[in-house]
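In: No sequence on hand, only this structure:
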Ligand code: CUA
């Protein structure tokens, strides 16, 4: 307290040197940042990365400045005498300094606000020739619904053909618009390579746009569900299968519009011409993730590893061996129609959708044809590979008033 307070004259040269080092340091830090980023997969990613680099350069410079001052102060102002317990000299106010440290950050923040808003607006502006894919999020899977050109009509409905898939397909240069909503809780659609993330909310439509600029790997097993692609993450904790949502769906970017159209046309054709064998059809439906089963169940044949619901490996044998009089056919069909009727010990039916057959607008709509096909395929999950079911019986169960099959004692 008794030391004289003195303010030494400010030497401008060290300040300029520090400023230059801090600015160059910030720029160097931001230059190396892209090395840690995932691939720059969309046109929007370029704008977002540039914005991020500008912010990192400023933040990096600030970081260096603060670190420098900490080290400088620790060394320069350390106590000389270990027994010195006195306070430092009282210093009150420095208008110049206070104006500078208020005005400079204020200007920087205003510039960042304007720049960020410009980028934010740019990536949300509707693009030319957008193609819209509907995205449904649910615990614990994504469903993408595609609509064919207006002249490709479904004879059953007279409307343009629609089909669903668990993967998102697009091609380099396609202006994609996602129209998204959730069935149950908040989810967040996130593909790091595209630098886009958007929440999905119950009862509301949110949208998101991007234009892919790099293709993913070629399909390894035909045009369907290639494993190569950018993983689609869920970025909102939505339950015990949250992590699994990032393992089952990918964003597949075809190199050309022709490749994409070939895939699209094949899907439309197969949708209009399902295979005669229901078990083959069922495998096709499940493999394309038209229904969100993969998020919760394990089924090794299809590469599913969900743990929220019962394991479906060997389900044909178990359906056949059930005691209590219910046939395998009735057990499997009714497990889709009335999941609460058959609770596997250790599991709950709370998250299993109750698939309905009478309302095409219901998000859990599953026509009898699909239910029979899925059950027929699951019936082939036996040690011998022999189906545990008769297709005629599956059809009979599905066609009967399934809500009345009730007690399980037949
Ligand atoms: Cu869906 Cu986390």
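Out: That came through, no problem. Note that the structure is a prediction, hence the values are computed from the model and not measured.

In: List the contacts of residue 251.
Out: 167, 168, 170, 191, 193, 194, 212, 216, 229, 230, 231, 232 (Cβ atoms under 8 Å, 6 or more residues apart in numbering). To be clear about C-beta, it is placed using only N, CA and C from the backbone, and glycine gets the same treatment.

In: and if you look at residue 279?
Out: 373, 376, 377, 379, 380, 387.

In: how far away is the residue positioned nearest the centre of the chain from residue 70?
Out: With distances taken as Cα atoms, centre = their mean, residue 233 lies nearest the centre of the chain, 3.1 Å away. Per Cβ to Cβ, to the nearest Å, residue 233 is found 37 Å from residue 70.

In: ok, now residue 204?
Out: 47 Å.

In: Closest one of the contacts of residue 279 to the ligand?
Out: Taking Cβ to the nearest ligand atom as the measure, residue 377 is the one of these closest to the ligand, at 26.2 Å.

In: which stretch of helix or strand covers the closest one?
Out: helix 368-379 (DSSP states H and E).

In: by contact count, what packs against that helix?
Out: helix 278-287, helix 315-321, helix 328-337, helix 391-399 (3 or more Cβ pairs under 8 Å, 6 or more residues apart in numbering; DSSP states H and E).

In: Quick one: mean pLDDT for that helix?
Out: For helix 368-379, the mean per-residue pLDDT is 88.

In: list the buried ones in that helix?
Out: 368, 370, 371, 372, 373, 374, 375, 376, 377, 378, 379 (16 or more other Cβ atoms under 10 Å).

In: cool, stretch 297-309 as well?
Out: In stretch 297-309, counting by 16+ other Cβ under 10 Å, buried: 297, 298, 299, 302, 304, 306, 308, 309.

In: is it possible to export the helices and strands packed on helix 368-379 to TSV including distance to the ligand?
Out: TSV is the format used below for the helices and strands packed on helix 368-379 (distance: least, Cβ to the nearest ligand atom, whole Å):
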stretch	distance to the ligand
helix 278-287	20
helix 315-321	25
helix 328-337	22
helix 391-399	31
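
In: Can I get those in JSON lines including mean pLDDT and distance to residue 350?
Out: Shown next, in JSON lines, are the helices and strands packed on helix 368-379 (pLDDT from 0 to 100; distance: least, Cβ to Cβ, whole Å):
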{"stretch": "helix 278-287", "mean pLDDT": "87", "distance to residue 350": "22"}
{"stretch": "helix 315-321", "mean pLDDT": "79", "distance to residue 350": "20"}
{"stretch": "helix 328-337", "mean pLDDT": "84", "distance to residue 350": "15"}
{"stretch": "helix 391-399", "mean pLDDT": "84", "distance to residue 350": "24"}
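
In: mind listing the strands for the stretch 201-350 of the chain?
Out: 206-210, 230-231, 233-234, 250-254, 298-299, 304-305 (DSSP state E, counting those that start in this stretch).

In: State the distance from residue 27 to residue 153.
Out: Residue 27 sits 58 Å away from residue 153, taking Cβ to Cβ as the criterion.
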